[in-house]
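Participant: sharing a sequence plus its predicted fold:
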Amino acid sequence: MRKAIEKNAKLLAIFAIACTALVAFVDFLTKDTIARQQQQNLIKSLAEVVDPSSHTNNMSESCILLNDESIGETPQKTYLGYYNEQPSAIAMTITAPDGYNGNITLLVGINIEGTITGLRTLSHQETPGLGDKIEKRKSNWVLSFNGRSLESEDDPQWAVKKDGGTFDQFTGATITPRAIVNASKRAIIYFKKHKDTIFDQQKSCQEN
């Protein structure tokens, strides 16, 4: 009986080692493929918020981390665009902490003049059929940010219509669009305040 138990234990150990080795091998084989896919998705997202004709560099390879509570509790990745080596645009990730169901992560394109060139939702947990209209595949609402700029930090236009602004809210869901509008406004304010230093930072998205 004891020998049978020991034998089974050894077989289980061998099986566990074999499974671990197989998982590691599959991970090794697919790691490069996953990395390439992630890079392609990033390039696609950047092109949706910043017109590729507005920069001559590869924005996906010109990344910095911005650390400021106004744009997120954690460092936010920002991609820099240059046209013939002159700063032309950024694509900034920013977190809206006040979504209906928690954090909403956005990618906001802003040109050198401080005008939004595009906005996309990267991640959220908003209610399907209501708050998820912040996804481009669900509605064109995010396109209403294109061409928007900020005259002053207390610009009354930067609010949903229910709050006296110019942005539509969703039927049955005001909290979600309000969070997006406020986050986008903070992105422009941050960019205008720190435009010069943003482009002077060393290019790296590796956290310390």
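Facilitator: Received it, and whenever you're ready, just let me know what you need.
Participant: mind checking how far stretch 114-130 is from the chain centre?
Facilitator: Centroid separation between stretch 114-130 and its chain, computed with CA atoms, centre = their mean, to the nearest Å, is 9 Å.
Participant: need the contact list for residue 186.
Facilitator: 70-71, 94 (CB atoms under 8 Å, 6 or more residues apart in numbering). Quick note: C-beta positions are derived from backbone N, CA and C, even for glycine.
Participant: surely it is in a helix?
Facilitator: Yes: per DSSP: H, G, I helix; E, B strand; the rest coil, residue 186 lies within a helix segment.
Participant: figure out the helix or strand that residue 80 lives in.
Facilitator: Using DSSP states H and E, residue 80 falls within strand 76-83.
Participant: re earlier: now, which of the contacts of residue 186 lie within strands?
Facilitator: residue 94 (DSSP state E).
Participant: closest to residue 50 out of the contacts of residue 186?
Facilitator: Nearest to residue 50 among these: residue 94, at 14.7 Å, using CB to CB.
Participant: what about that closest one, neighbour count?
Facilitator: Residues contacting residue 94 under the criterion other CB atoms under 10 Å number 25.
Participant: ok, it to residue 109 distance?
Facilitator: Using CB to CB, to the nearest Å, we find residue 94 at a distance of 11 Å from residue 109.
Participant: contacting residues around residue 161?
Facilitator: If you count contacts by CB under 8 Å, 6+ apart, then residue 161 has 167-169 around it.
Participant: okay, and residue 122 sits in which element?
Facilitator: Using DSSP H and E, the element containing residue 122 is strand 116-123.
Participant: just residue 197 next, same as before
Facilitator: According to DSSP H and E, residue 197 maps onto helix 175-200.
Participant: name the residues of that helix that come out as buried.
Facilitator: 175-191, 195, 198-199 (16 or more other CB atoms under 10 Å).
Participant: cool, and stretch 154-173?
Facilitator: 155, 158-160, 165, 167, 169-170, 173.
Participant: again with stretch 67-87
Facilitator: So for stretch 67-87, counting by 16+ other CB under 10 Å, buried means 71-72, 75-82, 87.
Participant: what bits of this structure have low per-residue confidence?
Facilitator: 1-13, 15-16, 18-39, 207-208 (pLDDT under 70).
Participant: let's see it at 90
Facilitator: 1-43, 127-131, 151, 154, 171-173, 201-208 (pLDDT under 90).
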